[in-house]
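K.L.:
A structural model of the following input is requested.
(one chain, ligands or ions: 1)
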Amino acid sequence: MTPSLNPAFPWPALVRATLAPALALALAGAGADSARAEAGAQGAAKPAPARSSPPNAAAGRSPTTIMAPATRRPAAPAARAAPPAPEDVPLPADTAAASADPLEHLRQRLADRLVAPKGATASGSFDVRISTRSGLQGPSGAAAQGVASGRARGGKVAHGPGAGAVHWGYEGEHGPAAWAKLKPEFGLCKTGERQSPIDIRGGLAVNLEPVKFDYQDSPFSVIDNGHTVQVNLQPGNSIDIGGRKFELQQFHFHRPSEERIDGRQFEMSLHLVHKDAQGRLAVVALLFDEGPPHAVVQDVWNNLPLERGEARPARQPLALTELLPDDRRYYTYMGSLTTPPCSEGVQWVVMRSPLSLTAEQIGLFSRIYPMNARPVQSASGRRILQSD
Ligand SMILES: [Zn+2]
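P.N.:
Predicted coordinates:
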């Protein structure tokens, strides 16, 4: 007797016979996908592009599950072509729908398995190595090229993603207080004496030479690297500080601002990371209050990639020249990367005049990264200069 002749459950039986193996395959696929994610396939992590709370909280899981080992390069496109199988998105509950229409229920379960977003990583919990230009780099970069020495020289620009494949974040057991314990190369995060960010107070007002910005409208790509939203730029933009030329590598965002001025924290900040020919870093920080929109930032938001770890090239160049405030007075001091490995020897240039973003523009970033700011570090008698 065939299943279809079963008088009690003619359709459900057939459906079970035909769909159950497919469902089992899909479930097995979830395991394979999970393994691929842990092997560094950034394409396997598919967080919802916008969300108000970490999906793991809803799933009752620790938000610290995925990282890319140091020995693997990011996934080949072929790996991303595999159907996504969510590991943290619960299937729809087996509720009344099951008895009402078993066929539809099974179909829905299978469909959910095949298309549901990954949602597996909370903010700041996914490590992807990013090159200083565009696209992705293998993990051999920063650590192998000198940031482990504790100086921000010679290596790939590590502000943000230069920490190797060790998982770090902004909360809990992988948060800033624990960074130094995560990897020997992160030791300066605890022992460094010239760390960033700081609360900028008591700057010495002097006649500082203006920073000369030589920025152009530039092709760019946007990447969510697991710690922030970052814009990678092609060469051709530079600044001149005191006769030394630094080439712009990338910029990225923090919420709230990492730097404070006289105790005041801002809604967001933006870090323009530059490197000179000797590998020394200079970071220009822009601060944002809530207010009128910022068109250049909106251009970045408009080019957000759907997937974490995947650079999305923009179709139009970015109007970099319109990014900066008209008032170019600034504070400057010597500090560090604000992310592991917390390398020192970084010259900070913090623009005094805040820019603005609308509540919606701030809210958009907040839904991806509600908090990605390192706490302020001791200024410990460092000299801060400010242009008068
Ligand atoms: Zn930064």
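K.L.:
so after the helix or strand bottoming out on mean pLDDT in the chain, what's the next helix or strand?
P.N.:
Ranking every helix and strand in the chain by mean pLDDT, DSSP states H and E puts helix 141-144 at the bottom, with a mean of 31. Remark: after helix 141-144, the chain's next helix or strand is helix 179-182, criterion DSSP states H and E.
K.L.:
Counting neighbours, which bits of the helix or strand just after that next one end up buried?
P.N.:
Per DSSP H and E, the first helix or strand lying C-terminal to helix 179-182 is helix 188-191. For helix 188-191, the neighbour count (16 or more other Cβ atoms under 10 Å) marks L188, C189 as buried. No exception for glycine: its C-beta is placed from N, CA and C like everyone else's.
K.L.:
Name the next helix or strand following helix 188-191 along the chain.
P.N.:
Trace forward from helix 188-191 with DSSP H and E and the next one is strand 199-200.
K.L.:
Does anything pack onto that next one? Which helices or strands?
P.N.:
strand 260-261 (3 or more Cβ pairs under 8 Å, 6 or more residues apart in numbering; DSSP states H and E).
K.L.:
Where does pLDDT dip in the stretch 151-300 of the chain?
P.N.:
By pLDDT under 70, the weakly predicted segments of the stretch 151-300 of the chain are 151-164.
K.L.:
Domain map for this protein?
P.N.:
Following automatic domain parsing, the chain resolves into domains at 3-115, 141-387.
K.L.:
nearest spatial neighbour of Q250, skipping sequence neighbours?
P.N.:
N232 (5.0 Å; Cβ to Cβ, 6 or more residues apart in numbering).
K.L.:
Output the contacting helices and strands for the helix or strand hosting the one you found.
P.N.:
Assigned by DSSP H and E, N232 belongs to strand 229-233. Strand 229-233 sits against strand 220-224, strand 244-254, with contacts defined as 3+ Cβ pairs under 8 Å, 6+ apart.
K.L.:
isn't the residue nearest to Q250 right next to L248, touching?
P.N.:
No. Between N232 and L248 no contact is recorded; they are 10.2 Å apart, counting by Cβ atoms under 8 Å.
K.L.:
Okay, helices next: where are they in the stretch 201-350 of the chain?
P.N.:
Here the stretch 201-350 of the chain has its helices, by DSSP state H, counting those that start in this stretch, at 295-302.
K.L.:
Now do the strands in it.
P.N.:
Under the criterion DSSP state E, counting those that start in this stretch, the stretch 201-350 of the chain contains strands at 204-206, 212-214, 220-224, 229-233, 238-241, 244-254, 260-261, 264-265, 268-276, 281-290, 312-313, 330-336, 344-351.
K.L.:
out of those, nearest to K190?
P.N.:
K190 lies closest to strand 330-336 among those, at 11.8 Å (Cβ to Cβ).
K.L.:
Report the buried residues of the closest one.
P.N.:
Under 16+ other Cβ under 10 Å, the buried positions of strand 330-336 are Y330, Y331, T332, Y333, G335, S336.
K.L.:
Return the residues in contact with the last one.
P.N.:
Listed by Cβ atoms under 8 Å, 6 or more residues apart in numbering, the contact set of S336 reads A152, L188, G192, R194, Q195, S196, C342, S343, E344, G345, V346, Q377.
K.L.:
Bridge partners for it, pull those for me.
P.N.:
E344 (DSSP bridges).
K.L.:
Check T332 too.
P.N.:
V349, L385.
K.L.:
my guess is it meets W348, correct?
P.N.:
Yes. Here T332 lies in contact with W348, judged by Cβ under 8 Å, at a distance of 6.3 Å.
K.L.:
tell me the contacts of D326?
P.N.:
S353.
K.L.:
Also T228?
P.N.:
T228 touches G160, H252, F253, H254, Y369, N372, counting by Cβ under 8 Å, 6+ apart.
K.L.:
With N225 as the reference, measure out to the nearest residue to it once chain neighbours are set aside.
P.N.:
If the residues on either side of it in the chain are set aside, T228 comes closest to H252, at 4.4 Å by Cβ to Cβ, 6+ apart. To N225, H252 is 8 Å away according to Cβ to Cβ, to the nearest Å.
K.L.:
same thing with A277?
P.N.:
25 Å.
K.L.:
Looking at these two, which is more packed in?
P.N.:
Counted by other Cβ atoms under 10 Å, A277 and N225 do not tie: N225 has more neighbours, with 24 against 9.
K.L.:
dump the residue contacts of P317.
P.N.:
So P317 contacts D217, S218, P219, F220 (Cβ under 8 Å, 6+ apart).
K.L.:
okay, now the second one: neighbour count?
P.N.:
So that's S218. For S218, using other Cβ under 10 Å, the count is 18.
K.L.:
Same check on the first one?
P.N.:
By other Cβ under 10 Å, 14 other residues sit near D217.
K.L.:
ditto for the last one
P.N.:
For F220, the tally of surrounding residues (other Cβ under 10 Å) stands at 23.
K.L.:
I appreciate the help and will end here.
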